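Asks: what would the 3D arrangement of this be:
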Amino acid sequence: MARTAARTATTRTVTDINRTAVLDALAQHGPLSRSALRERTGLSSATVERLCAALLDEQLVVRAGVDRSSGGRPSTLLRFAGERRVIVTAEVTAAGPRGMLVGLDGSRTDRLAHAGAPDVDAAGRLEDVLDLVTTLVARAEADGRVCLGVALSVPGVVHADGRVSNSAELGWQQLAVGQIVEHRTGLPTLVENDANAIAFGEWAHGAGSGSHSLVAVVLGVGVGAGIVSDGALVRGARSGAGEIGYLLADRAALGRIFAQQGDLESRIGAVPPRYRGAAGPLDGAGLLAAAAAGDVDARDLAAEVLDHLALAVVALATVIDPEAVVLQGRLPADAGWVVREIEQRLAGRIPFPPTIRTALLGADAALVGVGELMARRTKGSVYLA
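Replies: Here you go, the predicted model:
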């Protein structure tokens, strides 16, 4: 019987794991002295000294004063210089791309937006994205920061290879966005669905921080959901998980064909144009805001929108059973009113109603989400079991 060769970690693998342990300790608990790093990581003095020297040379770690608390010889404190390693992030919408630099320390700088021309086509939208991304790369490199990669949030179906197979909002079909951006910038590029990006951002740094599972329901041109379970995005076999805009509202929907827009989002989108009140033409957020303010003409129509949203939350809650559902996107200023209305519709109708919350990161949610996803990929924060 043939023997299977034993698998052993190479010296490089061990070094990478130890480097990650030191960087994570400094990022989460720093600044720390070398002795404190030894206690936190369990690494030997020689290993900590060698790694710290290398990280100082790479400017991933910088000196941050001295610690005199021990009463003996002062110890040099070290901190993780995450602000010097950045991710170029961009959120792409029909209104045009906007982006910022996200540091490995969580810093958000160099905000930039490009307003899309009213008559811009799909190719023009892509060129706007490339222009914004290359401008941000140049800004980072101008003052010595290192760009680790590019991360994009895009509405529509996005695949693991960075291909956008369908984005009705942008007019992109089977477009290899990730490959195109990588070719232009020379940087590794991540492309993620916008609802997934928002969900991951809120799970990591927002309304879902500390939870094991979360669903973000995003109201935009359509309606979508991002799902996080045990710290990982749920994308599905064909990257279609969370496309709740295609939920069928009743039996009549079985007699129709839905291509670019699903049944649920079609029904929600058809409600605001029916408003004939004094406030004039309203979008979805405006309709909900008018109803929250007591507009009688808006109330019944808003109830229709809220009913559809509640049915979507019911479907998500009964299939996935998340700890929390976070609402984000085109919501009225009094988003708490929307939360209360949905909670009332869920009460007594499903066995385990999730906690309903509004997003904490606001307009930054998608950018923070893709930045966090790319940071985790580039840092290589993976430990061997």
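Asks: could you pull up the mean pLDDT of stretch 93-108?
Replies: Here stretch 93-108 scores 94 as its mean pLDDT.
Asks: got the buried residues for that stretch?
Replies: Using 16 or more other Cβ atoms under 10 Å as the burial criterion, the residues of stretch 93-108 that qualify are 93, 96-105. From N, CA and C alone the C-beta is placed, and that goes for glycine too.
Asks: quick one: which two of the residues you listed are the most distant?
Replies: Taking Cβ to Cβ as the measure, the buried residues of stretch 93-108 reach their widest spread between Gly96 and Asp105, a distance of 28.3 Å.
Asks: what is the strand or helix carrying Gln28 packed up against?
Replies: Element membership of Gln28, judged by DSSP states H and E, is helix 11-29. Other helices and strands packing on helix 11-29, by 3 or more Cβ pairs under 8 Å, 6 or more residues apart in numbering; DSSP states H and E, are helix 34-41, helix 45-57, strand 61-67, strand 75-80.
Asks: can you say which of those is packed in most?
Replies: Per residue and on average, the most neighbours among these fall to strand 75-80, with a mean of 19 (mean count of other Cβ atoms under 10 Å).
Asks: partner strands of that one and their direction?
Replies: Strand 75-80 has the following sheet partners, assigned by DSSP bridges: strand 32-33 (antiparallel), strand 61-67 (antiparallel).
Asks: how about the helix or strand following it as CSV, C-alpha atoms only?
Replies: Past strand 75-80, heading to the C-terminal end, the next element that is a helix or strand (DSSP H and E) is strand 85-91. Included here for strand 85-91 are C-alpha records, laid out as CSV according to Å, rounded to 0.1, in the frame of the first residue of the first chain:
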residue,chain,number,x,y,z
ARG,A,85,-1.4,50.4,3.3
VAL,A,86,-4.6,51.2,1.5
ILE,A,87,-7.3,49.7,-0.6
VAL,A,88,-8.8,51.7,-3.5
THR,A,89,-12.5,51.4,-3.2
ALA,A,90,-15.3,52.5,-5.5
GLU,A,91,-19.1,52.2,-5.5
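Asks: what distance separates strand 85-91 from the centre of its chain?
Replies: Relative to the centre of its chain, strand 85-91 is centred 12 Å away, using Cα atoms, centre = their mean, to the nearest Å.
Asks: now what about that strand, what contacts it?
Replies: With Cβ atoms under 8 Å, 6 or more residues apart in numbering as the contact definition, strand 85-91 has outside contacts at 60, 97-104, 109, 129, 132-133, 136-137, 140, 145-153, 185, 187, 194, 197, 366-368, 370-371, 374-375, 378.
Asks: and Met374, what does it touch?
Replies: Met374 makes contact with 87, 89, 148-151, 188, 190 under the criterion Cβ under 8 Å, 6+ apart.
Asks: drop anything exposed from the residues you listed.
Replies: With neighbours counted by 16+ other Cβ under 10 Å, the contacts of Met374 contain buried members at 87, 89, 148-151, 188, 190.
Asks: tell me the two of the residues you listed that are most distant?
Replies: Within the buried ones among the contacts of Met374, Thr89 and Pro188 form the most distant pair, 13.4 Å apart (Cβ to Cβ).
Asks: which neighbours do these two share?
Replies: 150, 374.
Asks: buried ones in the biggest helix by length in the chain?
Replies: If you go by DSSP state H, the chain has its longest helix at helix 296-320. Under the neighbour-count criterion of 16+ other Cβ under 10 Å, helix 296-320 has 297-298, 301-302, 305-314, 316-317, 320 buried.
Asks: contacts for the very next helix or strand once past it next, please.
Replies: Stepping forward along the backbone from helix 296-320, the first helix or strand reached (DSSP H and E) is strand 324-329. Residues outside strand 324-329 that contact it (Cβ under 8 Å, 6+ apart) are 198-199, 202, 206-208, 211, 213-220, 313, 316-317, 335, 338-339, 342, 354-359, 365.
Asks: so what's Leu43 up against?
Replies: Taking Cβ under 8 Å, 6+ apart as the contact definition, Leu43 lies against 18, 21-22, 37, 51.
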